[in-house]
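S.K.: Next come a sequence and a model predicted from it.
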Amino acid sequence: MKIFSGKCLCGQVRISVRGEPLRIGVCHCTDCRQESGSAFTFYAVWPAHQFEHAGETSEFNGQQFCPRCGSRLFSADDREAEIKLGILSEAPTALVPSYELWIKRREPWLRPIEGAEQYEENRK
């Protein structure tokens with residue numbers, strides 16, 4: 001079974017997920033832009049039982065981050081874990097988004113991801 005691992009910028013928080021994700025996406029919404037400090041967020045969702053993390057995290061609005069370096073890391077509940085894929089140690093990954101959210105906020109210089117479903121706002 002494939003294992004993906006990653007860490008925050010300072011290395012205090014480490015994560016791992018086992019197996020293939022349930023879904024992989026890119027989001028251009030205002031929250032994701034502000035939270036990431038970038039034009040979009042690239043993430044994947046795994047079943048919660050396939051996700052582990054170690055190290056102290058802080059939380060804001062359901063999103064976990066490293067209190068030392070500020071890296072945005074994941075959100076998780078008892079069903080699913082959504083991982084920010086930029087924290088993975090293996091880069092680039094073979095993980096390809098199957099959908100894009102909030103494309104009405106996508107920067108005009110960014111092109112749609114070939115083959116990915118496009119949603120004006122959230123998935124239906």
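M.R.: Thanks, I have the structure now.
S.K.: need the helix or strand of the protein with the lowest average pLDDT.
M.R.: Ranked by mean pLDDT, DSSP states H and E, the weakest helix or strand in the chain is helix 30-36, scoring a mean of 92.
S.K.: Alpha carbons only: can I get that one in CSV?
M.R.: Written as CSV, here are the backbone C-alpha positions of helix 30-36 (Å, rounded to 0.1, in the frame of the first residue of the first chain):
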residue,chain,number,x,y,z
THR,A,30,-11.5,33.2,-1.3
ASP,A,31,-11.0,31.2,2.0
CYS,A,32,-8.5,28.9,0.3
ARG,A,33,-6.7,31.8,-1.3
GLN,A,34,-6.4,33.7,2.0
GLU,A,35,-5.5,30.6,4.0
SER,A,36,-2.8,29.5,1.5
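S.K.: now for it, which elements pack on it?
M.R.: Under the contact criterion of 3 or more Cβ pairs under 8 Å, 6 or more residues apart in numbering; DSSP states H and E, helix 30-36 touches strand 41-47. No exception for glycine: its C-beta is placed from N, CA and C like everyone else's.
S.K.: list the buried ones in the strand it packs on?
M.R.: Of the residues in strand 41-47, 41, 42, 43, 44, 45, 46 count as buried by neighbour count, 16 or more other Cβ atoms under 10 Å.
S.K.: The nearest residue to the last one once chain neighbours are set aside: what secondary structure?
M.R.: Ranked by Cβ to Cβ, 6 or more residues apart in numbering and with sequence neighbours excluded, the top spatial neighbour of residue 46 is residue 17, at 4.6 Å. Taking DSSP: H, G, I helix; E, B strand; the rest coil as the rule, one finds residue 17 in the strand state.
S.K.: Using CSV, write down the CA coordinates of stretch 73-87.
M.R.: In CSV, the C-alpha atoms belonging to stretch 73-87 read as follows (Å, rounded to 0.1, in the frame of the first residue of the first chain):
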residue,chain,number,x,y,z
LEU,A,73,-1.3,21.3,7.1
PHE,A,74,-4.7,19.5,7.2
SER,A,75,-8.3,19.4,8.4
ALA,A,76,-9.7,16.1,9.7
ASP,A,77,-12.8,14.7,11.4
ASP,A,78,-13.9,11.2,12.2
ARG,A,79,-14.7,10.4,8.5
GLU,A,80,-12.1,12.2,6.3
ALA,A,81,-8.8,13.9,6.4
GLU,A,82,-8.0,16.7,3.9
ILE,A,83,-4.3,17.1,3.3
LYS,A,84,-2.6,20.1,1.8
LEU,A,85,-0.5,18.4,-0.8
GLY,A,86,2.3,21.0,-0.8
ILE,A,87,3.5,19.5,2.5
